[in-house]
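Undergrad: Structure for the following, please:
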Amino acid sequence: MQIPLDSKIKNLQDLPHSISYVVRKRQQVDNFNELPKDKRPPEKMIWDGAPEELEDWIDNVVFGNSVGNIDLIIDEGDIENG
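TA: Have a look, this model is predicted:
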């Protein structure tokens, strides 16, 4: 991937951390902007959310997985009678 800051810079690792963070975040926002508006994550989640929260949100939107609706199958033989 070409980084449009300086032709001598080939990798984000060659930049100071704060600048590389801004470049990566901008790439992330640009990628989200390619999605239809109703499929984009909320702004607060992009900037203030935990990475895991954003991953769960993307999984839910893209794959239709709902984090809150999980089918749990328990074999009755595994249940202890108490």
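
Undergrad: Quick check: residue 47 vs residue 22, distance?
TA: 12 Å (C-beta to C-beta, to the nearest Å). C-betas here are computed from N, CA, C, even on glycine.

Undergrad: Equivalent analysis for residue 79, please.
TA: In this structure, residue 79 and residue 22 are 53 Å apart, going by C-beta to C-beta.

Undergrad: How about residue 51?
TA: Going from residue 51 to residue 22 by C-beta to C-beta gives 17 Å.

Undergrad: just residue 40 next, same as before
TA: The gap separating residue 40 from residue 22 is 20 Å, by C-beta to C-beta.

Undergrad: coming back round to it: ok, residue 79 and residue 22, which is more surrounded?
TA: residue 22 (11 against 8; other C-beta atoms under 10 Å).

Undergrad: so the more buried one is in which element?
TA: Taking DSSP states H and E as the definition, residue 22 sits inside helix 17-33.

Undergrad: residues near residue 47, how many?
TA: Residue 47 has 9 neighbouring residues, counting by other C-beta under 10 Å.

Undergrad: Next, the buried residues of stretch 11-30.
TA: Neighbour-count burial for stretch 11-30 flags 15, 20, 23 (criterion: 16 or more other C-beta atoms under 10 Å).

Undergrad: hang on, the first one packs against residue 24?
TA: No. The pair residue 15 / residue 24 is not scored as a contact, 9.9 Å apart, by C-beta atoms under 8 Å.

Undergrad: ok, residue 34 - contacts?
TA: Contact analysis of residue 34 by C-beta atoms under 8 Å, 6 or more residues apart in numbering lists nothing.
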